[in-house]
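Based on what follows, work out the 3D shape:
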Amino acid sequence: QFRLSLNMESESTYELPSFAVNENGWGPSTLPDDYKDLPYSFFSRDENLGMIMDLTQVSFAQNRGSAESEQGDNAFTTIDVTRTNTNRKTKLIHTKTNRNYNNANYNNTASGANKGRGQQKKNYNSYQRRNYDTLHIPSIPIKPTWKKICQMDFSDLAKLSTKVLPTATTFAECGSYNDYNPQYDLISVKKPVNLESHKECGDLHSISVMKDPFLSQVSDKNVATVYTTDVALAHLMVAIRSQLSWDLEIIKNAHGIFISHRDGVFDTYTVNETSADLPTEEENKDNCLRTEATAINRDFAKQIMAPHLTKCAYPSPFSPAQDEDPAAIHRMYRYRKFQLSDTQSVLVRTEVHGAQQRSGKAELFNAYAVNEWCPRTPLVNRWRSKMETSSGYALAEDMKNNNFRLSKWGVQAILAGVDRVKIGFVSRRNMNNLEAGHVILGVQTFSLDAFTKQIMLNEKNMWATLEYVVKEVSKQEDGNYVMPKDPV
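Below is the predicted model of the structure:
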């Protein structure tokens, strides 16, 4: 992505520089004093001087992709970005990266470098159809009245690191949670269990920080300087792993800085976001894959729980009546405070999914599910075949295809301070039929440290990214800001 700035100045004349003409032959007529008596190595015309220009198939495909992208930019309408006076100040903070798409594009074209130009053109066009258009859809339209405050490159964010991790304290625990049913630890590929539907529980929604009544009350008392949720903070902390566009809302007022999100933006999970082969439009018609992955996580988190219910000291801030409903999906809303520095602290609303009794002690955990959906996967590489001999195959595949989603789950678990993370492996009963239902092929339990190491989370970089954003926002005036992740 290139940005061009034009500065209009007063009209000025241009004079041609003087040129020395060699009337006796070709080359310079005079030799500067700096180049006198320098050794010179003669060469013959048949010697190999090396490659001057790379016109290989891979380079040609990359350059053509850039040209097509440039031609596509011509379809946009130029807007006036001059500053206008408005009653409400709206600021804009940009983020951007183009590294992920370039790497995936290079790998795709390189794989077909030895195939013929026709076959490679077919592969390149297929990549464009499945990836390029989807990755370039912005999550929010940028208005011409918005002023760009700063721009953060992912290459710069990846280099950040904090010296000391912040200390965490539990501020309050609200809501309720169930115990885990240990029978689900016995599930295997040979003895799968049907995944039950729990549509009656409703869809899981991520409520923004501005609609949290508990945070609204405590912010009036200035118990922290930054207020946010685990979902919004997870997107920010591991933003360098994302490819699709998303955005955050940042409100700065007398009570502090509020890092929030728009309603419905983070209610569904992305599918194969970090894969080199995104789902086709036919496979993801009407966002059915996102709906499927989100419903699977809802049903799995509900099904693996035992009936026993534990209530927290405070009722749920959103629906206290659900604490008494055994059919509802119960969550502990754990408000935790992290001390970033002597003057900065952040209060985060996190979620705990349940507890498991181990040696007479209740260990808190979060439960998530990864799902197998692609009918184009060869039979020998499907989970039912691989998980019998390699228990880590399914998670390794999902780390490659959904690295950003797994990273967010790891961040949410760290923020909540849980002891364990449970991952369920769910596959379609019939890979070609979404409506045929799903089966649970297994459940793996990780300690928090083991899971974060498995997905290679860098906690020092996560907290340094937050500190950097808070520092930039603190310099600004009170108002509403938008922080969009630019399409790659």
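
OK, contacts around residue 467?
Residues in contact with residue 467 (Cβ atoms under 8 Å, 6 or more residues apart in numbering) are 162, 340, 341, 344. Bear in mind the C-beta positions are built from the backbone N, C-alpha and C, glycine included.

Which residue is the nearest non-sequential neighbour of the second one?
Meaning residue 340. residue 166 (5.3 Å; Cβ to Cβ, 6 or more residues apart in numbering).

And for the one you found, the neighbour number?
By other Cβ atoms under 10 Å, 17 other residues sit near residue 166.

same check, this time on residue 225
Residue 225: 18 surrounding residues under other Cβ under 10 Å.

quick one: it and residue 344 touch, right?
Yes: using Cβ atoms under 8 Å, residue 225 is in contact with residue 344, at 5.2 Å.

Identify the contacts common to those two.
What both residue 225 and residue 344 touch, as defined by Cβ under 8 Å, 6+ apart, is the set residue 470.

and of the contacts of residue 467, the nearest to residue 204?
residue 340 (29.2 Å; Cβ to Cβ).

That closest one - how many residues pack around it?
Using other Cβ under 10 Å, residue 340 has 20 neighbouring residues.

Tell me how far it lies from residue 466.
Counting by Cβ to Cβ, to the nearest Å, the separation of residue 340 from residue 466 is 7 Å.

which neighbours do the two share?
residue 346.

could you pull out the helices for this structure?
57-73, 99-111, 117-127, 133-135, 154-157, 213-219, 230-237, 288-303, 383-386, 393-401, 403-416, 448-454, 459-474 (DSSP state H).

among those helices, which gets the worst mean confidence?
Mean pLDDT across these is lowest at helix 99-111; the value there is a mean of 40.

Spell out which residues sit in contact with residue 165, please.
Residues in contact with residue 165 (Cβ under 8 Å, 6+ apart) are 459, 460, 463.

shouldn't the first one be in contact with residue 410?
In other words, residue 459. No: contact between residue 459 and residue 410 fails when scored by Cβ under 8 Å: they sit 9.6 Å apart.

who has more neighbours, those two?
Ranked by neighbour count (other Cβ under 10 Å), residue 459 and residue 410 place residue 410 first, with 27 against 16.

my guess is that one meets residue 453, correct?
No: using Cβ under 8 Å, residue 410 is not in contact with residue 453; the gap is 9.6 Å.

Quick one: low-confidence residue ranges for the stretch 101-250 of the chain.
The stretch 101-250 of the chain contains residues with pLDDT under 70 at 101-135.

How about the residue positioned nearest the centre of the chain: what's its closest non-neighbour residue?
Nearest to the geometric centre of the chain sits residue 242, at 2.9 Å (Cα atoms, centre = their mean). Nearest in space to residue 242, with sequence neighbours left out and distances taken as Cβ to Cβ, 6+ apart, is residue 404 at 4.7 Å.

Next up, the contacts around that neighbour.
Shown in contact with residue 404 (Cβ under 8 Å, 6+ apart): 238, 241, 242, 243, 270, 273, 274.

residues touching the first one, list them.
When you say that, I think you mean residue 238. Residue 238 is in contact with 404, 407, 408, 411, 457, 462, counting by Cβ under 8 Å, 6+ apart.

Equivalent analysis for the second one, please.
Residues near residue 241 by Cβ under 8 Å, 6+ apart: 274, 403, 404, 407.

Against residue 410, how distant is it?
As defined by Cβ to Cβ, residue 241 lies at a distance of 11 Å from residue 410.

Show me the strands in the stretch 151-300 of the chain, by range?
167-180, 193-194, 226-229, 247-253, 256-260 (DSSP state E, counting those that start in this stretch).

how many other residues sit next to residue 454?
Using other Cβ under 10 Å, residue 454 has 17 other residues around it.

these two touch, right, it and residue 396?
No: here residue 454 lies out of contact with residue 396, judged by Cβ under 8 Å, at a distance of 9.1 Å.

Next up, the contacts around the residue lying closest to residue 261 once chain neighbours are set aside.
Excluding its sequence neighbours, the residue lying closest to residue 261 (Cβ to Cβ, 6+ apart) is residue 232, at 4.9 Å. Counting by Cβ under 8 Å, 6+ apart, residue 232 touches 208, 209, 248, 259, 260, 261, 266.

Look at the residue nearest to the third one when sequence neighbours are not counted and report its pLDDT.
Sequence neighbours aside, residue 483 is the residue nearest to residue 248 in space, at 4.5 Å (criterion: Cβ to Cβ, 6+ apart). We have a pLDDT of 93 for residue 483.

Which residues are in contact with residue 430?
Contact analysis of residue 430 by Cβ under 8 Å, 6+ apart lists residue 436.

again, only this time at 10 Å
375, 436, 437, 438 (Cβ atoms under 10 Å, 6 or more residues apart in numbering).

if we take these, which one ends up nearest to residue 364?
Nearest to residue 364 among the contacts of residue 430 is residue 438, at 26.5 Å by Cβ to Cβ.

Can you check which residues contact both of residue 459 and residue 410?
237, 452.

Identify the contacts common to residue 241 and residue 410.
Contacts common to residue 241 and residue 410, judged by Cβ under 10 Å, 6+ apart, are 455, 456, 457.

which of the residues you listed count as buried?
Buried members of the shared contacts of residue 241 and residue 410, scored by 16 or more other Cβ atoms under 10 Å, are 455, 457.

JSON lines for the shared contacts of residue 241 and residue 410, including pLDDT and distance to residue 389?
Formatted as JSON lines, the shared contacts of residue 241 and residue 410 follow (pLDDT from 0 to 100; distance: Cβ to Cβ, whole Å):
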{"residue": "455", "pLDDT": "95", "distance to residue 389": "23"}
{"residue": "456", "pLDDT": "95", "distance to residue 389": "24"}
{"residue": "457", "pLDDT": "96", "distance to residue 389": "28"}
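
Closest to residue 425 out of the shared contacts of residue 241 and residue 410?
For these, the nearest to residue 425 is residue 455 (15.5 Å; Cβ to Cβ).

okay but the closest one is in contact with residue 370, surely?
No: applying Cβ atoms under 10 Å as the test, residue 455 and residue 370 come out as separate, 11.7 Å apart.

Find the residues that touch each one of these two.
395, 398, 399, 406, 409.

which of those tops the neighbour count?
Neighbour max across the shared contacts of residue 455 and residue 370 (other Cβ under 10 Å) = residue 406, 24 neighbours.

Could you find the closest non-adjacent residue to residue 244?
Sequence neighbours aside, residue 273 is the residue nearest to residue 244 in space, at 5.5 Å (criterion: Cβ to Cβ, 6+ apart).

Surely residue 150 is in contact with residue 156?
No: Residue 150 is beyond contact range of residue 156, at 11.2 Å (criterion: Cβ under 10 Å).
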